[in-house]
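> the following comprises the amino acid sequence and a computationally predicted model.
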Amino acid sequence: MSAINKLERLHNSSNYRISNIADSLHVSSPAISRTIKTLENKGYVERNMDKLNRRNTLVRLTENGTAVFENECNQIYCFMNNVVNQMGEEKLNELFLLSNELLENVEKEIKSREKD
C-alpha cells in the first residue's frame, strides 16, 4: 500500500500498473500480483482493466485502503516519536554522530574494494 500511495503522490494519479509498483519496489511482478490479490481480498485495493491496453491491470487504493494506510503511518509515527523522546537529545546527537562515522567508514571500505 505504501508503494501505491507513494506513486499517487509523485505522479498525481490513482491508477498504476503492477509493473510500475514492482519497479518502484524492486520486486518481481508475480510477487506484487500475489500481494495485490491479498490486499484486494481485504478491500484495500481494487484492480481495473486498462482501457487503452487490455493486457494491463491497473491498481489503486480504495478509500478503506487509504484510511488503513494513513492509520498505520500514524501509529508508526507515534511509536517512533515515543522511542526518540525516551532517548533524549544528548543520546540522539551521539547516535547521529556515530551513524555518520559508520557511514563514512562504509563508504571508504567500498571505495577501497573498488580499487582492488
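Here it is on my side, so go on.

> per-domain residue ranges of the chain.
As assigned by automatic domain parsing, the chain contains the domains 2-61, 67-115.

> and the pLDDT for residue 8?
For residue 8, the model assigns a pLDDT of 62.

> hmm, back to that, okay, the domains of the chain, which one's buried deepest?
domain 2-61 (a mean of 15; mean count of other C-beta atoms under 10 Å). The way it works is simple: take the backbone N, C-alpha and C, and place the C-beta from them, glycine included.

> so how far is that domain from its chain's centroid?
Distance of domain 2-61 from the chain centroid (C-alpha atoms, centre = their mean, to the nearest Å) equals 13 Å.

> and that domain, end to end?
10 Å (C-alpha to C-alpha, to the nearest Å).

> which residues of the chain fall in strands?
Secondary structure of the chain (DSSP state E): strands at 16-17, 45-49, 57-61.

> I'd like those strands laid out as JSON lines, including distance to residue 88 and mean pLDDT.
Output for the strands of the chain, formatted as JSON lines (distance: least, C-beta to C-beta, whole Å; pLDDT from 0 to 100):
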{"stretch": "strand 16-17", "distance to residue 88": "42", "mean pLDDT": "80"}
{"stretch": "strand 45-49", "distance to residue 88": "41", "mean pLDDT": "88"}
{"stretch": "strand 57-61", "distance to residue 88": "38", "mean pLDDT": "85"}
